[in-house]
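Novice: structure here, sequence nowhere to be found:
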């Protein structure tokens, strides 16, 4: 049941008088639910509760926190079809996508639970004492990662499950030992409340402290700003626009105590099609890329917005085939009229830039909020001199850039801002021939893909989802995969600390049987 | 030989007309050397060279970079006594300290070389393909840490060797695969030039690309600002004041592409003396702490500036003993008249705060630039209500805070800003009895010490030298110990990448024999 209230820890709360509705983009109508925006007092109460909860939660064993995460996954599943229907209504996305994304979300929670049970992620490092060392004795020193405190998580518009309420940011922060306060995304506040109810149930069932999780409704920017500025908040997770992420990043840096903001923002995910791929597999790639451009109405962070090749008849053939394939596909519904309006605006702005020709454009009339796809092409020189063409258009839109030669292609890559992904289509020998192209691409991205599509982000330890600014605010961390837990911790050293008072991860006996670095050697053995 | 010129890569350069001198604080006179401030063009040339050098240097093997680091250590040693004399002249520090710090600096370079030769630091993570996985096949994905680009290093005033030209920031950045441009500290520009000559010799001898290292002279803030704002600079290392570090941090965040700034700034390193320590070892600790307060004329980042206890006759006895021991020690020379003036100013400002009583004060006249030590005491209530007393006074100065009880002691710790270190003196049982005190301290510091002094920072893998803001700008990283290399890299994933084109660290055959995480298991084996 959706009440429209906030969760201040385990308590439902609706003290404010500002309300808002969510929207069904397919019906083009408000939903039946009304949401109560969190008040300043409710925000303060949630943060105070989080800080109190942190005092015990930070010391919980990995096994205990794992039970909590697994319980969240179970409780989300237990919400059954009612949750799926709320998701579809508030997002316009199809049921299959909702079920798939729910599976991914539960998978993420369980992956973090597994990480906690294994336990080595804390990077336990031990240097034993050398009392006889000359000229000075060496004192026993041990280091591990410890959680930093309450975290504010900003749900995304485009992944109501996997990057929202109990998505990767929340799961990773809870795994690290940090309480979480979610600023619910206004477009799917009902879905967010239902998922929150699952988190709260799981917290109660596994005896987590009240305040380990809160969910705040908000239709404007004030709730988020207050959260980020609150002295007890120690970190921020965000998935969304460059504008929104950059604003939070600046706000957090202006605090008396600046705090880290992990904003995953935008990307046009350049794809380089090398000659052999054009010659030998051009039509195949055209078909695959038409699907990747259109996937989720182009509302993934990894949709390919830029396809780059060297001028040739086979590039022309590929471009035409891409246009044909794109034309065959049916427009789908976007998340919200605002997103659809921004898409139309961005698409039209880029279409009106000098030198841009249309490759494909869906012109038939469509149902409300459905995105008419479009693909443009420009030559490299025009692209280089017009930074407007480098901008992301969030939706099923892409540009094919025809470069004069490998040198111009390299220049185009070097002028791009940071990206989540970069793809090379070709054969392995071409990675040598086009070394400078590959090098330039590697310098701009977090994930390099060979002969594939950038959409489809595997949740696994080797995933890097985060690239140089503005793909994300901190390219040293990932928001997908278990390494995401490293965002919410800092190393603390214990010098000459009594054995029995050390965290278990650092004790001689290695009671957790984790992999550690002892006197510069990796080992999972206990100390002699 | 000291020429007063900049190193723009391997080339000595003095195109500018602005010059300055260094100062001998013991003689209270300018040195004989004149330094040429780097011009805007020289800065640009150094950065361009660094960016060019990066194209090859980033791909060098760990073994090759290790040879370079070891050669730097050798060339520094080869400068012999001439270098030691320049250090002593420009810093006022004694010869024994100079020799010790040189040894530490060479040790740091060799520790990073060792890390590179072992090779596992790149966090190679592999998830192998599962072509038969349902519902979707899993594609091969591999991740490792790669260098980010040219780094600007700001030398510190207080460690002309270990935290300056070829100190920890430079050694760690060069180890990571990033070229370095040093903004030389104006107080020891001659020492910096000599060390730079050793780095350049080592670079030439081991065939490093021209531009892998540059050294820029500067007496004001302009050179540093231009460096930090240069689009090709990708990271900043700094050791110095909160004012200076915060200014660079803000500047770097205002760039179109913000870059990380690792500033290690200030700390008063609180020490909690629990009742058993006062009762059983008070006089011993008083003696040890007098030495720690006075070490290096109080010019270490880790000198104890704050000693906290619960009111008792044994705390009074300890405080009196500390005063007596401090009185016995002879004032030593500070680094520079500016630092000495700031010390006197800070000391006087804090002495004039209400409720502060003098425990010890050296009143005899001293040679120029020698620091007259002082210790004050206040009660907890006064400390809590006066944030002025929480400030660092850089020099041989400390405050003993007499708290009413454990609760007030915890409040005092909770009101402190972030610190590099926090120390507990007591017995192991008291860590339980005073759990809230220990917890509060742990939340504020990067390194916890039991029954020791905070001065003396071991260079080893488990060292955390960096704490919550403003101890450092990014508490997730350390500036001492081999983990410091992690500041200059970011993870990059390779999806479906051809074996022979993968970096060696990620190849199936594990040619570097490093520890990796393969399908979530730690292993140094090759893939089957």
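Specialist: Sure thing, it's come through. These numbers were taken from a predicted model, which means no experiment stands behind them. Numbering: from 1, shown residues only, chains lettered A, B, ... in the order given.
Novice: only C-alpha atoms from now on, for both contacts and neighbour counts.
Specialist: OK.
Novice: whichever strand or helix holds residue A:71: which residues count as buried?
Specialist: Using DSSP states H and E, residue A:71 maps to helix A:62-78. Under the neighbour-count criterion of 16 or more other CA atoms under 10 Å in any protein chain shown, helix A:62-78 has A:62-77 buried.
Novice: just stretch A:498-507 next, same as before
Specialist: For stretch A:498-507, by 16+ other CA under 10 Å, it's A:504, A:505, A:506, A:507.
Novice: can you put these in CSV and add secondary structure?
Specialist: Shown next, in CSV, are the buried residues of stretch A:498-507 (DSSP: H, G, I helix; E, B strand; the rest coil):
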residue, secondary structure
A:504, helix
A:505, helix
A:506, helix
A:507, coil
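Novice: closest one of those to residue A:125?
Specialist: The nearest member of the buried residues of stretch A:498-507 to residue A:125, counting by CA to CA, is residue A:506 at 7.6 Å.
Novice: now do the helix holding residue A:71: which elements does it pack against?
Specialist: Counting by 3 or more CA pairs under 8 Å, 6 or more residues apart in numbering or on different chains; DSSP states H and E, the packing neighbours recorded for helix A:62-78 are helix A:95-118, helix A:168-176, helix A:189-205.
Novice: can you give me the mean pLDDT across the next helix or strand after that helix?
Specialist: In the C-terminal direction, the helix or strand that comes right after helix A:62-78 (DSSP H and E) is helix A:80-91. Mean pLDDT, computed over helix A:80-91, is 98.
Novice: what do you get for stretch A:98-106?
Specialist: The model assigns stretch A:98-106 a mean pLDDT of 97.
Novice: run a quick neighbour tally on residue A:425.
Specialist: 24 (other CA atoms under 10 Å in any protein chain shown).
Novice: tell me the spacing between the nearest residue to residue A:188 once chain neighbours are set aside and chain B.
Specialist: Here the nearest residue to residue A:188 in space, its sequence neighbours aside, is residue A:90; by CA to CA, 6 or more residues apart in numbering or on different chains that works out to 5.3 Å. From residue A:90 over to chain B the distance is 26 Å, taken as CA to the nearest CA, to the nearest Å.
Novice: gap between the helix holding residue A:71 and the chain center?
Specialist: Here the centre of helix A:62-78 is set off from its chain's centre by 21 Å, with CA atoms, centre = their mean, to the nearest Å.
Novice: could you quantify the relative orientation of it and helix A:168-176 as an angle?
Specialist: Orientation note: helix A:62-78 sits at an angle of 150 degrees relative to helix A:168-176 (axes from the mean of the first three to the mean of the last three CA atoms, to 10 degrees).
Novice: would you mind giving the domain segments of chain A?
Specialist: Domain ranges of chain A: A:29-121+A:129-265+A:477-487, A:270-450, per automatic domain parsing.
Novice: near chain B, which residues of the stretch 251-400 of chain A show up?
Specialist: By CA under 8 Å from any CA of the partner chain, the residues of the stretch 251-400 of chain A that approach chain B are A:253, A:257, A:258.
Novice: okay, now the first one: neighbour count?
Specialist: In this case it means residue A:253. 19.
Novice: could you say which helix or strand contains it?
Specialist: helix A:242-254.
Novice: rounded mean pLDDT for the helix or strand that that helix is followed by, please.
Specialist: Sequence-wise, the next helix or strand downstream of helix A:242-254 (DSSP H and E) is strand A:261-264. For strand A:261-264, the mean per-residue pLDDT is 97.
Novice: after strand A:261-264, which helix or strand is next?
Specialist: Heading C-terminal from strand A:261-264 (DSSP H and E), you reach strand A:270-273.
Novice: which strands and helices sit next to that next one?
Specialist: strand A:306-310, strand A:419-425.
Novice: would a markdown table of those strands with mean pLDDT be doable?
Specialist: As requested, the helices and strands packed on strand A:270-273 are arranged in a markdown table below (pLDDT from 0 to 100):
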| stretch | mean pLDDT |
| --- | --- |
| strand A:306-310 | 98 |
| strand A:419-425 | 98 |
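Novice: between these, which gets nearest to residue A:376?
Specialist: When the helices and strands packed on strand A:270-273 are compared by CA to CA, strand A:306-310 sits nearest residue A:376, at 9.6 Å.
Novice: re the thing from before, in a markdown table: the domains of chain A, plus distance to residue A:495.
Specialist: Output for those, formatted as a markdown table (distance: least, CA to CA, whole Å):
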| stretch | distance to residue A:495 |
| --- | --- |
| domain A:29-121+A:129-265+A:477-487 | 4 |
| domain A:270-450 | 36 |
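Novice: residue B:119 is nearest to which of the ones you listed?
Specialist: Of all those, domain A:29-121+A:129-265+A:477-487 sits nearest to residue B:119, with 18.9 Å by CA to CA.
Novice: rewinding a little: may I see the helices and strands packed on strand A:270-273 organised as a markdown table, with distance to residue B:164 added?
Specialist: A markdown table is the format used below for the helices and strands packed on strand A:270-273 (distance: least, CA to CA, whole Å):
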| stretch | distance to residue B:164 |
| --- | --- |
| strand A:306-310 | 44 |
| strand A:419-425 | 34 |
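Novice: looking at the ones you listed, which is closest to residue A:356?
Specialist: Of the helices and strands packed on strand A:270-273, nearest to residue A:356 by CA to CA is strand A:306-310, at 13.1 Å.
Novice: elements contacting the closest one?
Specialist: The contact analysis (3+ CA pairs under 8 Å, 6+ apart) places strand A:306-310 against strand A:270-273, strand A:397-403, helix A:406-415.
Novice: residues contacting the longest one, please?
Specialist: For helix A:406-415, the surrounding residues in contact (CA atoms under 8 Å, 6 or more residues apart in numbering or on different chains) are A:308-310, A:380-381, A:383-384, A:403, A:434, A:436-437, A:440-441, A:444.
Novice: picking up where we left off before, mean confidence score for the helix holding residue A:253?
Specialist: For helix A:242-254, mean pLDDT is 96.
Novice: list the buried residues for it?
Specialist: Buried residues in helix A:242-254, counted by 16+ other CA under 10 Å: A:242, A:245, A:246, A:248, A:249, A:251, A:252, A:253.
Novice: which one of those residues sits closest to chain B?
Specialist: Of all the buried residues of helix A:242-254, chain B sits closest to residue A:253, with 7.7 Å by CA to the nearest CA.
Novice: nearest spatial neighbour of the closest one, chain-adjacent residues omitted?
Specialist: Of all residues not flanking residue A:253 in the chain, residue A:259 sits nearest, at 6.5 Å (CA to CA, 6+ apart).
Novice: tell me who's in contact with that neighbour.
Specialist: A:234, A:235, A:236, A:252, A:253.
Novice: pretty sure the fourth one sits against residue A:229.
Specialist: Yes. With contacts counted by CA atoms under 8 Å, residue A:252 reaches residue A:229, the gap being 6.6 Å.
Novice: gap between residue A:92 and residue A:191?
Specialist: 12 Å (CA to CA, to the nearest Å).
Novice: low-confidence ranges, the stretch 201-350 of chain A, go.
Specialist: Along the stretch 201-350 of chain A, the model assigns pLDDT under 70 to no residue.
Novice: understood, closing this out.
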